[in-house]
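Chemist: no letters, just coordinates:
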């Protein structure tokens, strides 16, 4: 429990970090700008075996009192990526609960290239205020030029729980693979990009806000077929609260370059570079997945 006299943070940020040294500075600037605006902020970051200086930057930030670094090296022992991410997110949630800080709003976010250009503070505060609406348990960012995070999305008409299997089936040739993106992925990404709020059962898209009392009810733990950890979490909150989530068109991130819609030649070149960067791959990494 929170100690008497301990200030209650307005926001608690929860993020996993791997090989994102280039975007740690804008993430820290987001925290500092929010603090300068008058909000109290706590941040918990789990580092997961980075090779590019991420660990050193986070260590420095912890020494300055800007965040709490959470050991998540145990994630490396889990070979399945989505289950590994679920374990890391659950550890961050447990660390927040053990801290006794009791924030008003929990912000779960990625601090890779999706946060290279952080959202404006007024937009973040306005999105948090939408959590006070009846029946709303979470608010996610949108992104431009398009919404990208299909794995975490679900509504009464659309779900993408089979998308990884479909990607694997269509991955045998670059032309077939590109046609799959053109027919199955890009149209849905465009459809979920709107100037109006979109109500749904699950979303993430790089940054998502929850009222802390509601966030506490959820769990990223998975049983059965492995699916996106955010989808697992949000389904449980939807079932418990009977509420919905919103994609906020005014809370805008930049679509990560590796998730953006591309013409064939840039798509093929990015694919080729990914292949040659892995000298002895046991499997081929799938695109359009949020980074760790």
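Modeler: Now that the structure is in, tell me what you want to look at. The model shown is predicted, which means the values in this text are computed figures rather than measured ones.

Chemist: only C-alpha atoms from now on, for both contacts and neighbour counts.
Modeler: Will do.

Chemist: what about the strands in this protein?
Modeler: Along the chain, the stretches classed as strands by DSSP state E are 11-17, 41-47, 68-71, 105-110, 136-144, 198-200, 207-211, 244-254.

Chemist: do you know which of those lies nearest residue 83?
Modeler: Proximity to residue 83, assessed across the strands of the chain by CA to CA, is greatest for strand 11-17 (13.7 Å).

Chemist: list the contacts of the closest one.
Modeler: 39-48, 50, 54, 88-89, 92-93, 103-112, 292 (CA atoms under 8 Å, 6 or more residues apart in numbering).

Chemist: give me the buried entries from the residues you listed.
Modeler: For the contacts of strand 11-17, a burial check counting by 16 or more other CA atoms under 10 Å picks out 40-48, 54, 88-89, 92-93, 103, 105-112, 292.

Chemist: so what's the residue lying closest to residue 51 once chain neighbours are set aside up against?
Modeler: Nearest non-adjacent residue to residue 51, counting by CA to CA, 6 or more residues apart in numbering: residue 19, 6.1 Å away. The neighbours of residue 19, taking CA under 8 Å, 6+ apart as the test, are 49, 50, 51, 52, 53, 54, 112.

Chemist: residues contacting the spatially closest residue to residue 229 that is not a sequence neighbour?
Modeler: Counting by CA to CA, 6+ apart, residue 229 lies nearest to residue 86, which is 5.1 Å off, once chain neighbours are set aside. Applying CA under 8 Å, 6+ apart, we find residue 86 in contact with 220, 221, 222, 228, 229.

Chemist: which residues are in contact with the residue positioned nearest the centre of the chain?
Modeler: Centroid check for the chain by CA atoms, centre = their mean gives residue 206 as the closest residue, at 3.6 Å. Residue 206 makes contact with 109, 110, 114, 115, 140, 141, 149, 290, according to CA under 8 Å, 6+ apart.

Chemist: which residues touch residue 215?
Modeler: 106, 237.

Chemist: re the thing from before, from residue 141, how far off is the residue nearest to residue 229?
Modeler: Residue 86 is 20 Å from residue 141, where distance means CA to CA, to the nearest Å.

Chemist: so where's the stretch 151-292 of the chain shaky on pLDDT?
Modeler: 277-292 (pLDDT under 70).

Chemist: now do 90
Modeler: 171-172, 222-225, 257-259, 266, 268-292 (pLDDT under 90).

Chemist: which residues in it form helices?
Modeler: Using DSSP state H, counting those that start in this stretch, the helices assigned to the stretch 151-292 of the chain run over residues 163-169, 174-180, 186-191, 212-215, 229-241, 264-276.
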